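Participant: Sharing a sequence plus its predicted fold:
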Amino acid sequence: MFAFLANPARFMAFSAWAAPILFAGALILFAVGVPWALFYSPPDYQMGDTVRIMYVHVPAAWWSMGAYAFMAGASFVGLVWRHVLADVAARAAAPVGAVFAAVCLITGSLWGAPTWGTWWEWDGRMTSMLVLFITYLGYIALWSSIEDEERAARLAAILCLVGAINLPIVKFSVDWWSTLHQPASIMRSGGAAINGEMLGPLLTLGGAYLLLFGALTLMNMRAAIFRRRVESAELRKAHA
Amino acid sequence: MNARGPFQDKQSIRVEALSLSRGQRILFENLSFAAASGDYVEVLGSNGSGKTSLLRAMAGLLRPSGGEIAIEGADEPSLALHYVAHANGLKRETSVREHLHYWAGLFGGSPSEDFVAQMLDLARVMALPVRVLSQGQARRLALARLVVAPRPIWLLDEPGAALDDAGKAVLNELIAAHRANGGIVVAAVHEPLGPSPSQTIRVSR
Amino acid sequence: MNARGPFQDKQSIRVEALSLSRGQRILFENLSFAAASGDYVEVLGSNGSGKTSLLRAMAGLLRPSGGEIAIEGADEPSLALHYVAHANGLKRETSVREHLHYWAGLFGGSPSEDFVAQMLDLARVMALPVRVLSQGQARRLALARLVVAPRPIWLLDEPGAALDDAGKAVLNELIAAHRANGGIVVAAVHEPLGPSPSQTIRVSR
Amino acid sequence: MNALVATFRRELAMLWAGGGALTPLGYFFGATMLVPLAMGPDRALLETAGPPLVWIAAALSVLAMLERLFQADLEDGSLDQMLLSPAPLEGLVLAKGAALWVAIGLPLALAGAPVAIALQAPVERIPLIVASLALGTAAFVSVGLIGAALTASVKRGGVLLALIVLPLFAPPIIFGASVASGEDVSAAFAILGGCALGGLALGPIAAAAALRLQAE
Amino acid sequence: MNALVATFRRELAMLWAGGGALTPLGYFFGATMLVPLAMGPDRALLETAGPPLVWIAAALSVLAMLERLFQADLEDGSLDQMLLSPAPLEGLVLAKGAALWVAIGLPLALAGAPVAIALQAPVERIPLIVASLALGTAAFVSVGLIGAALTASVKRGGVLLALIVLPLFAPPIIFGASVASGEDVSAAFAILGGCALGGLALGPIAAAAALRLQAE
Ligand code: HEM
Ligand SMILES: Nc1ncnc2c1ncn2[C@@H]1O[C@H](COP(=O)(O)OP(=O)(O)OP(=O)(O)O)[C@@H](O)[C@H]1O
Ligand SMILES: Nc1ncnc2c1ncn2[C@@H]1O[C@H](COP(=O)(O)OP(=O)(O)OP(=O)(O)O)[C@@H](O)[C@H]1O
Ligand SMILES: [Mg+2]
Ligand SMILES: [Mg+2]
């Protein structure tokens, strides 16, 4: 699969239909998941209706980490096999992941206000999520401050791999420090420990976020490849 | 007389179908030449034509967009060459003497203080920081790297810049001695340095 | 044709019994010379002899240890001179065009973009940051200050450094036009620039 | 006049190029983020200790931009050209300072809002904090000019700069912090304004005097 | 081997020249001096909030030295020479880092004693604070090498550097600060040591990889 897509022309052909399909899939899952979460799932016995923020918050948290893991993988491929498409993929995923991280932070603090009585608290998980968000910003800033694309790609890949150290810290911070934030109750060894009626919409929306991530990343990649093509066409014209 | 060891007749440079581009711009394509022990190659070309880029590519600092550069005959690839760039590679606050000792360590050689002081006329400024050197004195110090550590291949980018007549004469002597020892010199220049080149490469599109 | 206005025959430089020292070292003592409208003065001397120091003193950037420098004939003292130093005075991240506009504001003049682009052959790099310019292109840009704002007196420190033949020809043209306009040029050089000097100053102890 | 405008423009362009105000803000956010990390999640502690620390972070962010302000000009030869300009050096220095304030000081003041919230300042105090930061960064920049000029020819000048400048930053910090913790607001504003004005009057003159000595 | 020693020596000389370790210490003292100024003279507040801030000051002091570490080498052409040396670039980078730690990190750790006392840390905790700072600055320097190398070619890289590096500074700060406030000392030391070792293992390799890309 990867080897097949490694050719930019084949990738463009593939993504031309893959991106819309993913996007449509995301829309369908959102159409199912949002009403399910808002109207047909039970309120929490402690938190009442505010628990519905969870359906925005938790998938955003998952896929902000997932996006980073994807970037780290792509960066590794880009560094080792010097593959242009991997560089483009890592770069394309960054803004999407950054937005997910921002959504997680914002919804988390919106949720914190009624439940914990504070917008922000410096506990391990919130802090490490903030660190992840800043790492995204640093990655994007580094990319945009170096014009030479190839060099920017390699340097950003190094940064991405170094920053990946933060991922396990975000994931396990709640287990390592006993803090305000609840520990993982879905993605943990020993199976899910959450009300089944909540699990349904949560997983649906998790799927929706994933498809959205895929669609947006593919679209970003296509835009970047188009831009390169236009630039090199202009160059060829200039030198003709 | 100086620190350079004799190089046997086994050095060679082969540049084949080399293409270089900077940014979006193609500097030149399909440049080929070869040089062997004792050769002095002069690289000519107008401002911005790509002489510096060619030398940097030969030094391994710039990746060619096409073609090949093969440098052979050094005992170890990392001991093959010296590169004297436009930028002298000096620290403003570090003294001339400290530079010599640093390079001796960095490249593996001997600081050759006395030789440098005499030959390059830096005795008077040996203890001064680079900040107060005149332009020509700084250039002489950059050239001192050539004698601090022996290397078979010298890549020189306008080595005579800012040198007075005495300085240029010394440079020519160094080049002559290096060639006699079996070394190769490639120099990018605007005006011929003095020694008659074994070949002249003209860089342009 | 270009931005320089004609200077009347009233410019003059008078250097009297000048002594300069740097650090503890006396560079030269008792240097005197004078120049008038249309003159081209060549300053010669070996590396480290004090050519740069002399020009800096004339530009008012270095205080003499003795003697006097009088520069007369400019409408205002602050509009008397241009100084092109060894250092080009460029910012790595700023584009060629931005430099021209900045200088036009700083010195009071017009950016003369087209003139500079053509005459100094910088058209192709007009939008590029200085960081990517070749050595010679950067030098050309530094020389562009001369045409951006008119000044009767030009102090040039190795103006031809890093220039190719075409660049040197342009420099000579600029100097000739400036002299014809009534300006004065003082240049420190290692090799004669081209125009035959009205006088030659040799700097040494 | 033109010379000042040209200097201001070019300086602003250099500061905004490549990431722009994003990066000093990053420093500011980063430095303040470290505070709760270091102090731990004790909420009450943060509420009293936190808001004044916004000021320290702002001071250090400005400081980080000052180091190369004139040092780079000296090394690349631009300072010579500034000295030879018909415009008064004081004006050019002021223009550089103004650009620094617009590019860094103002964004820092605005960024003061979220940072102060994160450091547990009450929401109704935020506009005051932003306004006081805008004044305070003006004071930092104008006073900082002096330090930057004095250390322009010093190797690794940044830290010597800090040594020279931080004591001068003390008054705005003290009174700015008292705005941030909600005491004595009007008196503090008067004094902050005084610092900024005093800095503006003195900074460019002293800095220009120092710079004239730097060109050898 | 010689190349590493020569690099270490020269770097140390450059850092010590002209005031030497005096100046980063000035930054450190200055930054911490600002804390009581900003927080006011409330002793009890200072006692709890103060000691951890030593760590922030230390982190920022190291940060201030990192900006020009490789940027200057790139601009003046020294980096080319480092790349052409037969010694592995990783080793040269490590030597530079080691010099930075000896010139700045160690003195900072020692200076941590008076500063911590000024910020009302109990006297018996001082040796622990000094030891933890020595480890922590090693972690800062080694991780900082990566950021310094990544931003070497970036204009005004210092602030981008801060953005990149401060998140990586977070773990040593968190655990260092808990030593400073007297909690959980042995676990914190283990983690600090881990950060320093991890940084030492990873820093020079990642930094060298980045530097190879910087020479165009
Ligand atoms: C800005 C503040 C917050 C941040 C940065 C944050 C961050 C995160 C992260 C990173 C996860 C992913 C956990 C994983 O999959 O391992 C997560 C999950 C979760 N968060 Fe938050 N959170 C915040 C506030 C809150 C608040 C206020 C609540 C509710 C009171 C909350 C409830 C949850 C729940 C229930 C999960 C799902 C846990 C699971 O089953 O894995 N979060 N949060
Ligand atoms: N990013 C870029 N985009 C476009 N052009 C670039 C870029 N980087 C470098 N260049 C161009 O590449 C050329 C570099 O040439 P190089 O420095 O090799 O010239 P040179 O022959 O050494 O010239 P000189 O005699 O002036 O030293 C210049 O024309 C420069 O403008
Ligand atoms: N602080 C100092 N102590 C001792 N000597 C100094 C000091 N500062 C400068 N010098 C010396 O003063 C001289 C400066 O000369 P200057 O730069 O004017 O020479 P130049 O004639 O322009 O040389 P070049 O042809 O190399 O450009 C140099 O010899 C330098 O070593
Ligand atoms: Mg060149
Ligand atoms: Mg000179």
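Facilitator: Nice, I can see it. Ligands and ions are numbered 1, 2, ... in the order given.

Participant: Need the pLDDT of the residue nearest in space to the middle of chain D.
Facilitator: Geometric centre of chain D, nearest residue: D:Val62, 3.5 Å, by CA atoms, centre = their mean. On pLDDT, D:Val62 comes in at 85.

Participant: Spell out the secondary structure type for B:Arg63.
Facilitator: coil (DSSP: H, G, I helix; E, B strand; the rest coil).

Participant: from memory it sits against B:Ala57, does it?
Facilitator: Yes. The pair B:Arg63 and B:Ala57 qualifies as a contact (CB atoms under 8 Å) at a distance of 7.4 Å. Bear in mind the C-beta positions are built from the backbone N, C-alpha and C, glycine included.

Participant: Those two: which has the busier surroundings?
Facilitator: Neighbours were counted for B:Arg63 and for B:Ala57 using other CB atoms under 10 Å in any protein chain shown; B:Ala57 has more, 23 against 11.

Participant: name the element that one belongs to?
Facilitator: Following DSSP states H and E, one finds B:Ala57 within helix B:51-58.

Participant: what packs against the next helix or strand after that helix?
Facilitator: Counting by DSSP H and E, the element after helix B:51-58 in chain order, helix or strand, is strand B:66-72. With contacts taken as 3 or more CB pairs under 8 Å, 6 or more residues apart in numbering or on different chains; DSSP states H and E, strand B:66-72 sits against strand B:12-22, strand B:25-36, helix B:51-58.

Participant: How much space separates D:Ala207 from D:Thr151?
Facilitator: 11 Å (CB to CB, to the nearest Å).

Participant: could you pull out the helices for chain A?
Facilitator: With DSSP state H as the criterion, chain A has helices at A:2-5, A:8-39, A:54-81, A:84-116, A:124-144, A:149-163, A:166-176, A:196-239.

Participant: oh sorry, the question was meant for chain D
Facilitator: Using DSSP H, helices in chain D cover D:2-16, D:22-39, D:43-66, D:68-76, D:78-84, D:89-100, D:106-118, D:126-150, D:157-180, D:185-214.

Participant: anything in the shortest one near chain C?
Facilitator: Looking back up the chat, that one is helix D:78-84. Yes. Helix D:78-84 reaches chain C (CB under 8 Å from any CB of the partner chain) through D:78, D:80-84.

Participant: Equivalent analysis for the second one, please.
Facilitator: No. Judged by CB under 8 Å from any CB, helix D:22-39 stays clear of chain C, getting no closer than 13.6 Å.

Participant: For that helix, output the C-alpha coordinates as CSV.
Facilitator: C-alpha atoms of helix D:22-39 as CSV (Å, rounded to 0.1, in the frame of the first residue of the first chain):
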residue,chain,number,x,y,z
LEU,D,22,4.5,34.3,16.9
THR,D,23,7.8,33.4,18.3
PRO,D,24,8.3,36.0,21.1
LEU,D,25,4.8,35.1,22.1
GLY,D,26,5.9,31.5,22.3
TYR,D,27,8.7,32.5,24.6
PHE,D,28,6.2,34.4,26.7
PHE,D,29,3.7,31.6,26.9
GLY,D,30,6.5,29.1,27.4
ALA,D,31,8.0,31.0,30.3
THR,D,32,4.7,31.5,32.0
MET,D,33,3.7,27.9,31.4
LEU,D,34,6.8,26.9,33.4
VAL,D,35,5.7,28.8,36.4
PRO,D,36,2.8,26.5,37.5
LEU,D,37,4.9,23.5,36.4
ALA,D,38,7.5,24.6,38.9
MET,D,39,5.2,25.7,41.6
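
Participant: Quick one: mean pLDDT over that helix.
Facilitator: Per-residue scores along helix D:22-39 average to 74.

Participant: Quickly check: it near ligand 1 or not.
Facilitator: No. Using CB under 6 Å from any ligand atom, helix D:22-39 stays clear of ligand 1, with a minimum separation of 12.8 Å.

Participant: Which residues belonging to that helix are considered buried?
Facilitator: Of all the residues in helix D:22-39, those buried under the rule 16 or more other CB atoms under 10 Å in any protein chain shown are D:22-39.

Participant: quick one: it to helix D:43-66, angle?
Facilitator: Interaxial angle, helix D:22-39 versus helix D:43-66 (axes from the mean of the first three to the mean of the last three CA atoms, to 10 degrees): 150 degrees.

Participant: what about stretch B:151-158, average pLDDT?
Facilitator: 95.

Participant: what comes into contact with it?
Facilitator: B:7, B:11, B:13, B:51-52, B:55, B:58-59, B:71, B:73-74, B:79-86, B:107, B:146, B:175, B:178, B:182-190, C:135, C:162 (CB atoms under 8 Å, 6 or more residues apart in numbering or on different chains).

Participant: can you check stretch D:109-129 too?
Facilitator: Contacts for stretch D:109-129 (CB under 8 Å, 6+ apart): A:119-120, D:25, D:28-29, D:32-33, D:35-36, D:43, D:46-47, D:50-51, D:53-54, D:57-58, D:130-131, D:133-134, D:136-137, D:179-180, D:182, D:185.

Participant: Tell me how many other residues crowd residue 72.
Facilitator: Chain wasn't specified; assuming chain A. 19.

Participant: not what I meant, chain B
Facilitator: For B:Glu72, using other CB under 10 Å, the count is 14.

Participant: ok, and the closest non-adjacent residue to it?
Facilitator: Nearest residue to B:Glu72, sequence neighbours excluded (CB to CB, 6 or more residues apart in numbering or on different chains): B:Ser12, at 4.8 Å.

Participant: which residues does the one you found bridge with?
Facilitator: In this entry, B:Ser12 is beta-bridged to B:Ala36, B:Glu72, by DSSP bridges.

Participant: just the angle between the least confident helix or strand in chain D by mean pLDDT and helix D:106-118, please?
Facilitator: Least confident helix or strand of chain D, by mean pLDDT, DSSP states H and E, is helix D:22-39 with a mean of 74. Calculated by the same axes, to 10 degrees, helix D:22-39 forms an angle of 30 degrees with helix D:106-118.

Participant: Quick check: A:Val88 touching A:Arg222?
Facilitator: No. Assessed by CB under 8 Å, A:Val88 is found out of contact with A:Arg222, at 9.3 Å.

Participant: Poorly predicted segments of the chain, please.
Facilitator: Went with chain A since none was named. For chain A, the stretches with pLDDT under 70 are A:1-6, A:44-48, A:122, A:173-196, A:235-240.

Participant: that's the other chain; I wanted chain B
Facilitator: For chain B, the stretches flagged by pLDDT under 70 are B:1-6, B:9.

Participant: That one: helices as residue ranges?
Facilitator: Using DSSP H, the helices of chain B run over B:51-58, B:96-103, B:113-119, B:135-148, B:165-180.

Participant: how about these, which one is nearest ligand 5?
Facilitator: Ligand 5 lies closest to helix B:135-148 among those, at 4.4 Å (CB to the ion).

Participant: Any figure for the gap between D:Leu60 and E:Ala116?
Facilitator: Taken as CB to CB, the span from D:Leu60 to E:Ala116 is 19 Å.

Participant: For the residue of chain A found nearest ligand 4, give me its contacts.
Facilitator: Nearest residue of chain A to ligand 4, counting by CB to the ion: A:Asp148, 18.8 Å away. Residues in contact with A:Asp148 (CB under 8 Å, 6+ apart) are B:23, E:216.

Participant: mind checking how far it is from ligand 1?
Facilitator: Taking CB to the nearest ligand atom, to the nearest Å as the measure, A:Asp148 falls 35 Å from ligand 1.

Participant: distance of that residue from B:Gly50?
Facilitator: Distance from A:Asp148 to B:Gly50, by CB to CB: 17 Å.

Participant: Same question for B:Met119.
Facilitator: Per CB to CB, B:Met119 is found 32 Å from B:Gly50.

Participant: Of the two, give the one with the bigger neighbour count.
Facilitator: B:Gly50 (25 against 18).

Participant: Now do the contacts for the more buried one.
Facilitator: B:Gly50 neighbours (CB under 8 Å, 6+ apart): B:20, B:22, B:27-28, B:203-204.

Participant: ok, and the closest non-adjacent residue to it?
Facilitator: Per CB to CB, 6+ apart, closest to B:Gly50 is B:Leu27, 3.5 Å.

Participant: Correct me if wrong: that neighbour contacts B:Ser46.
Facilitator: No. B:Leu27 is beyond contact range of B:Ser46, at 11.8 Å (criterion: CB under 8 Å).
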